[in-house]
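Colleague: got a predicted structure plus its sequence, pasted below:
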Amino acid sequence: MPTYNSPALDKGLDILEFLSSQSIPQSQSEIGSGINRKPNEIYRMLVCLEERGYIRKEPISGKYQLTLRLFQLSHHHSSIDYLVKAAMPYLEQLSEAILQSCHLSFFYRNKLLILCQAKSMTPISLSVEVGGVFPITQTNSGKIILANKSESERKQILNASEDFQQLSNAEKIHLEKELTTLKDLKCFVQKSTLTEGVTDFASPVYDINNEVMAVLVVSGLTSQLKNASQKGIIKEILKTVDGINVSIGGVSRDKK
């Protein structure tokens, strides 16, 4: 069999293999030195790998490190722990910035599962139980997940949902109409359907296939939020979601 050379692919694989062997982020010149190539030879490849979500550049140092994309490709069904590890630093930064607790919710067996939470350090704040399970049709984050499912998937989920089956025909029609307005929405702001006096901010987190894999939620006391800037909260939430998306190997939504 003839041997075909693919210099660009070789460079890309060399970069990925080199970064996987390093415990700290590496600069362009350090990567070039590590794979015996000049820094200008690998510039285009670094840009391509970053755009495809395989590596990310630290905003302060400008150095590169691997994302979780390769791991997700090889361990697609066991990435929840890594999602939590990748998301927690961003959740903690968000909680500190807006002085509200926040959490990640996940679709699991036709219910909404709370994966992780960053609690607010203020004297009064809301908290949810990590590992807690809620009705998918009665939560604002659940509605975000349903809205971004295909029509056939959504129908299957709703048919299997005891909570949905208990709704009246008018309530079912209202819910289905509401879901059509939520698809691709960046941040859904709505009063909680489960707790009186609470307002939810729910924003989708996308996986490497551009599908909603989780929802970031900020739930605050409506009375407290009256004195806060909703636009400011939404801005911080979207920045957090974007950071999580990039960290797990997705593409920045701001670049779309």
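Modeller: Good, I have the coordinates. Numbering: from 1, shown residues only.

Colleague: and the lowest mean pLDDT element among the helices and strands of this protein?
Modeller: helix 69-74 (a mean of 71; mean pLDDT, DSSP states H and E).

Colleague: where does the stretch 1-150 of the chain dip in pLDDT?
Modeller: The model of the stretch 1-150 of the chain has pLDDT under 70 over residues 1-4, 71-79.

Colleague: apply 90 and report the result again.
Modeller: Applying pLDDT under 90 to the stretch 1-150 of the chain flags residues 1-8, 21, 23, 58-60, 67-86, 107-111, 120-133, 135, 138.

Colleague: run the chain-centre distance for the helix or strand containing Pro204.
Modeller: Assigned by DSSP states H and E, Pro204 belongs to strand 198-206. Chain-centre distance of strand 198-206: 11 Å, with C-alpha atoms, centre = their mean, to the nearest Å.

Colleague: can you name the element that comes right after that strand?
Modeller: Next along the chain after strand 198-206, taking DSSP H and E as the criterion, comes strand 212-221.

Colleague: what packs against that next one?
Modeller: Packed against strand 212-221 by the contact rule (3 or more C-beta pairs under 8 Å, 6 or more residues apart in numbering; DSSP states H and E) you find helix 80-98, strand 102-108, helix 140-147, strand 198-206, helix 230-247. Glycine gets a C-beta too; all of them are placed from N, C-alpha and C.

Colleague: who touches the fourth one?
Modeller: Read that as strand 198-206. Contacting residues not belonging to strand 198-206 are listed as 87, 104, 126, 139-141, 143-145, 148, 185-192, 212-222, 225, 233-234, 237-238, 241, 244-245, 250, 253 [C-beta atoms under 8 Å, 6 or more residues apart in numbering].

Colleague: out of the helices and strands packed on strand 212-221, which gets nearest to Gly34?
Modeller: The closest of the helices and strands packed on strand 212-221 to Gly34 is helix 230-247. By C-beta to C-beta, the value is 23.0 Å.

Colleague: quick one: average pLDDT of the closest one?
Modeller: Taken as a whole, helix 230-247 has an average pLDDT of 93.

Colleague: tell me how many other residues crowd Leu16.
Modeller: 16 (other C-beta atoms under 10 Å).

Colleague: tell me who's in contact with it.
Modeller: By C-beta under 8 Å, 6+ apart, the neighbours of Leu16 are 49, 54-55, 66, 70.

Colleague: what are the buried residues along stretch 178-193?
Modeller: Neighbour counts over stretch 178-193 (16 or more other C-beta atoms under 10 Å) mark 179, 182, 187-189, 192 as buried.

Colleague: just these: which are in helices?
Modeller: Counted as lying in helices by DSSP state H, out of the buried residues of stretch 178-193, are 179, 182.

Colleague: and which of the buried residues of stretch 178-193 is nearest to Lys172?
Modeller: Leu179 (10.8 Å).

Colleague: for the closest residue in space to the closest one that isn't next to it in sequence, what are its contacts?
Modeller: Nearest non-adjacent residue to Leu179, counting by C-beta to C-beta, 6 or more residues apart in numbering: Ala147, 4.4 Å away. For Ala147, the contacting residues are 154, 179-183, 185, by C-beta under 8 Å, 6+ apart.
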